[in-house]
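[1] For reference, the sequence and a predicted model appear below.
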Amino acid sequence: MNIELKPGERLDDLQRNGYKIIQDPGRFCFGMDAVLLSGFAKVKPGERVVDLGTGTGIIPILLEARSKGASFTGLEIQPESADMASRSVQLNDLQERVHIVNGDIKEAVQIFGAASCHVVTSNPPYMTAQHGLQNPDQPKAIARHEVLCTLEDVISQAAGLLMPGGRFYMVHRPFRLAEIMTGLCAHGLEPKRMQLVYPYVDREPNMVLLEAVKGGRPRITVEKPLIIYKEPGKYMDEIYDIYGY
């Protein structure tokens with residue numbers, strides 16, 4: 001399908017199933033964190049997935065390429081980003097399995113219904129509204145800082161959307177790990193799997209991937225560290241596998 005690009009937009013190849021995605025560098029482009037989350041999340045055949053704060057729609061599109069889930073829905077509050085994501089879905093002819101909804105994370109349960117899905121994913125803003133310097137460009141500030149939603153909003157809505165035994169997958173920053181774990185447990189989401197992501201083997205981790213189960217029993221597995229680079233400009237083999245190269 002031919003989709004017209006708007007001023008400032010570009011078309012990027014996802015290296016998966018021939019899929020492409022529309023992005024606008026002036027707004028916000030997806031990063032490695034979204035790709036790693038799509039590789040960490042597990043979607044079983046027939047499951048329904050909701051991605052909170054979907055941005056360009058990258059996570060639903062990659063999960064559709066990787067799994068046999070029944071449906072993948074991305075929720076995005078910024079109309080321009082939601083429109084871009086919707087056009088990427090059309091471009092890849094994925095309308096039957098991938099859907100983009102323009103709406104507020106804080107109203108996700110109201111929009112989709114309580115206990116309505118098997119899997120929830122999210123690559124939320126990492127920084128609190130008071131943390132560091134916010135990007136003066138509002139779309140990027142919304143993506144990076146808790147301007148329109150908080151960590152509590154994301155976790156509470158994920159818990160509400162999930163049916164018992166459903167799974168929540170999130171990528172975040174390690175410096176907020178204590179806050180994340182406390183929030184998950186407070187909403188009945190038991191942390192079950194965690195993986196720290198390191199830029200280089202001798203550096204501190206800069207991302208954490210988490211899986212939590214609604215109503216799960218206490219027990220967490222800490223997976224082996226995920227290292228991004230062998231050397232500057234050269235990924236570890238595992239990263240190439242996740243990207244599909």
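    Right, received. Where do you want to start? A quick note: this is a predicted structure, and the numbers were derived from the prediction, not measured. Residues are numbered from 1 along each chain as shown.

[2] Check the burial of the nearest residue to G69 once chain neighbours are set aside by counting its neighbours.
    Once flanking residues are discounted, G69 sits nearest to V43: 4.2 Å by Cβ to Cβ, 6 or more residues apart in numbering. All C-beta atoms are positioned from the backbone trio N, CA, C, and that covers glycine. For V43, the count of nearby residues is 22 (other Cβ atoms under 10 Å).

[3] do Q15 as well
    Residues contacting Q15 under the criterion other Cβ under 10 Å number 13.

[4] isn't it right next to I242, touching?
    No. Q15 is not in contact with I242 according to Cβ atoms under 8 Å; the separation is 10.6 Å.

[5] ok, and the helix or strand in this structure with the lowest average confidence?
    Lowest mean confidence among the helices and strands of the chain (mean pLDDT, DSSP states H and E): helix 138-144, at a mean of 53.

[6] returning to that earlier point: spit out the contact partners of the residue nearest to G69.
    Counting by Cβ atoms under 8 Å, 6 or more residues apart in numbering, V43 touches 49, 63, 66-69, 118-119.

[7] okay if I get these as a markdown table plus distance to N2?
    As requested, the contacts of V43 are arranged in a markdown table below (distance: Cβ to Cβ, whole Å):
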| residue | distance to N2 |
| --- | --- |
| V49 | 28 |
| L63 | 25 |
| R66 | 26 |
| S67 | 28 |
| K68 | 28 |
| G69 | 27 |
| H118 | 34 |
| V119 | 32 |
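
[8] pretty sure A41 is touching L63, no?
    Yes. Because the distance of 6.5 Å satisfies Cβ under 8 Å, A41 is recorded as touching L63.
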